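Participant: Model the structure of this input:
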Amino acid sequence: MKKRIFNHARNYPDLPQVDSAISFGPFIKYLQRKIKEERTVKSTLYSNALKEFKKQGIDNQVIAIDDIYQHELLLEHMYACLSPALLTEDHQAWGLCAPMQPITFYGTELMYELLEHEEKDQNSFVGSKTLEQHEHDRLHFIYSFILNELYAFHAPLKEKYHSGINADTGLPGYFHIGINASFIEVRAKQALPKLSYRELQQYLSEESGLDKLQQVLPLTLFELRGISVLTITDVTAKQAVENIKSVRLSRVPGGEGVAYGEVIQSLKVMVQNANIQFDLFPFVRVNNKMVYGYVKGGSGLLFSVWGEETLSPEAFRQIAEGYAANPNSFYSPDIWAESKEMFPWLDRFRELNVKSMALIPVFHNQILVGVLGMHTWVGETFDEKKITLLEPVLAPIAQLLQVYIDEFNLEIENIIKEKYTSIQPAVQWKFNEAAWHHLYNKKRNLPQRYDDISFADVYPFYGAIDIRNSTTERNVASKADLSLHLSLFRETLEELSKTYSDALLVEIIFNCNKWSDILQGDELNTTDENSLNIFLKEETSDYLKLISQSHPNTQKVIGKYLDRISMPHGEVHKHRQALETSMQLINTAINNYFESEREKLQDSYPCYFEKFRTDGVEYDIYIGQSIAPDRIFNHFHLKNLRLWQLSSMAEIAKMVQQLQPDLAVKLAITQLIFIHNHPIDISFRIDERKFDVEGAYNIRYQMIKKRIDKILIRNSQERLTQPDKLALIYFNKRDIEDYLPFVKYLQETGVLKSETEDLDLEDLQGLSGLKALRLTIF
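Facilitator: Sure thing, here's the model as predicted:
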């Protein structure tokens, strides 16, 4: 044991002061109590100690700190009675202090080593607390003790760890400083004010509560007599485990990179070596088959070896499922010394300059959820002892990987729900309610019923982007491909007729000539196109294959033809594929734009946004108070959507214009908006799995949308929708007026040209009086 008066307070001159003095009195009372209670041999230890204290006759005597070593034998008895019997002096940081004062006067060698190390080199272990935090914590501790003793108010003290960065390792370390105040007595120097439980709770819980408490109960009112017992425990490993658990509980979806970074740092703290690298590689499954997880957890080594940059999906699945079938641990202090024949898969790790490596399978509920990788680069090694240090963290790491897997599965489900069903986040709550009611009735054996999922008084917004003359373009492409196909077929028949002839061949040649005449016409209708495809692909191909089998001398001619037409991306599909690729490029760009914009629109106010694929893209948006009952809806949200409708159409026109150099077939788009400024009702049709409008008046709105895509200007043969134009269709002048301020704004900002066209539109069956405002897009 070591004797030295070590005053911590000199580093913290502003710590609160209290009337405090050393006394053995409280400890003597503790011994007397333990002798009565103890029924084991330890009672002898306490009795012998009490005899020494009685012999010196210092029951409640105040002892000056400078005189404390006159009673060294009593200090040894305190250590013997209070220190853990299984720990030797060399393995515990234990000491005695003045009551509620940071002055240590007796302790183990390890205790003084820690204190002296801190005093000699403040920079070797940088503490995380400020002077103000130290002052606040000490004041809170003193008042908690006083209130417990004199007011019977127990203030729970949170177990706080002290942390810092060790300059030798560059890693955090954590220590618990325990102060045992059981051998301190507190006495009030005068009558104390009466304080209620609520008042005391407020003083210790509010931010400025301690300042108020010092005014009501200043520390000068109290005197403290006794001895504090100080212990310092290294809890670095324990805290590292807690840090990993907190990452699992506090992480947010999409923040895997940050979360895994914190976990990797904690693993390095566990092994106390910053040169050891770690990797987390989760195993995620789709339809019970292994797929990539797309998260680089740690150094990225395992992702580099097993990830999509190195392996094809099939090769990864084969390796991952092979490992899952026999998930053994692997460790090598030097992979360069391992047999290449026995471990051929280590070659890739050697290429990356790995030296020592361990692979540890991680299980959650007996199911393999991933691998924890541990390695050093060439020049560094580690042994098995480092691996055993990780045992406490395997369970929380398994839980963390399972959370990631669950989020991956949830993301898959959300994509299915959002992209392939009518359930979007904005209306999810309504489906949740309906599902809960259904479940409630089912659990209580009540009659099953399905709630009506509807939204009343929502404002509809409709827009359509169409590929200009798509039918004509498709007809031209089909004629070009079919003409080439027919030409190749006729050439093959002519070549074939030189060595082979029958009545059916003559008839097929006749039909070829007839189809050639039809293709020379202006337009190929759908019926003729289907018939010609059947003629070329089914009837004649089967005939040629039959001839080839029965007359080997025709195989060369027939085989050459069949090869040319059977290639999926061959010359007889060239024009149609070029057209489809160009249309798909445009539609994909528009779809991606709307997907991005849909997320942004939800930030302003939740709305139901549904897209439809035609030759282009159409959309319906519904917005209103019933979509989000918990949020306030007003006309500004409508204004925001009207402006968005106009500006988004202009943005799409610009985007498609920029795509033109990439299009094999030059295509233009047309755009229209149908304005309906009156709320309607929509409901979810369970049989059709989609939303639809309700009520006769509202159904009329749906009918109008389906008829206006090819509408003409009144008294002309000109279509309303034209390239580089935006058509706004409406019934009443009052409807279009809500858009005019935004039209002017976009004209003045150079998005739209200044000219406008006010047009009357042709009457449609059951519809008359439609008008349009046509704008020109820059």
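
Participant: okay, and for the protein, where does confidence drop off?
Facilitator: Scanning the chain with the threshold set as pLDDT under 70 gives 9-15, 118-129, 157-160, 167, 249-257, 294-297, 418-420, 422, 687-689, 695-697.

Participant: Check it for its longest helix and report it.
Facilitator: helix 574-604 (DSSP state H).

Participant: which helices and strands sit right next to whatever helix or strand comes next after that helix?
Facilitator: The C-terminal neighbour of helix 574-604 among helices and strands, as given by DSSP states H and E, is strand 608-613. Judged by 3 or more CB pairs under 8 Å, 6 or more residues apart in numbering; DSSP states H and E, the packing partners of strand 608-613 are helix 574-604, strand 617-623. (C-beta placed from N, C-alpha, C; glycine too.)

Participant: Minimum distance to residue 326: which of these has it?
Facilitator: Ranking the helices and strands packed on strand 608-613 by proximity to residue 326 (CB to CB) places helix 574-604 first, at 42.3 Å.

Participant: buried ones in that closest one?
Facilitator: Of the residues in helix 574-604, 575-579, 582-583, 585-587, 589-590, 593-594, 597-598, 601 count as buried by neighbour count, 16 or more other CB atoms under 10 Å.

Participant: so that helix versus strand 608-613, what angle?
Facilitator: 180 degrees (axes from the mean of the first three to the mean of the last three CA atoms, to 10 degrees).

Participant: Against which helices or strands is helix 574-604 packed?
Facilitator: Applying 3+ CB pairs under 8 Å, 6+ apart, one finds that helix 574-604 makes contact with strand 454-467, helix 470-496, strand 608-613, strand 617-623, helix 635-659.

Participant: of all these, which lies closest to residue 149?
Facilitator: Short answer: helix 635-659, nearest of these by CB to CB, at 60.7 Å.

Participant: Mind listing residues that contact the closest one?
Facilitator: For helix 635-659, the external contacting residues (CB atoms under 8 Å, 6 or more residues apart in numbering) are 459, 461, 463, 465, 585-586, 589-590, 593, 597, 601, 604-605, 607, 621, 623, 668-669, 671, 673, 724, 726, 738-739, 742-743, 745-746, 751-752, 777-778.

Participant: tell me which strands and helices the strand or helix carrying residue 199 is in contact with?
Facilitator: Assessed by DSSP H and E, residue 199 sits inside helix 197-205. Judged by 3+ CB pairs under 8 Å, 6+ apart, helix 197-205 is in contact with helix 131-150, helix 209-216.

Participant: which parts of it are buried?
Facilitator: 199, 200, 203, 204.

Participant: Relative to residue 4, which of those residues is nearest.
Facilitator: For these, the nearest to residue 4 is residue 204 (34.8 Å; CB to CB).

Participant: May I ask you to confirm that the closest one is in contact with residue 142?
Facilitator: No - look at residue 204 against residue 142 with CB atoms under 8 Å: they stay out of range, at 11.6 Å.

Participant: Make TSV from the helices and strands packed on helix 574-604 and add mean neighbour count and distance to residue 41 to it.
Facilitator: Listed next are the helices and strands packed on helix 574-604 as TSV, based on neighbours: other CB atoms under 10 Å; distance: least, CB to CB, whole Å:
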stretch	mean neighbour count	distance to residue 41
strand 454-467	20	79
helix 470-496	18	98
strand 608-613	15	78
strand 617-623	21	81
helix 635-659	17	80
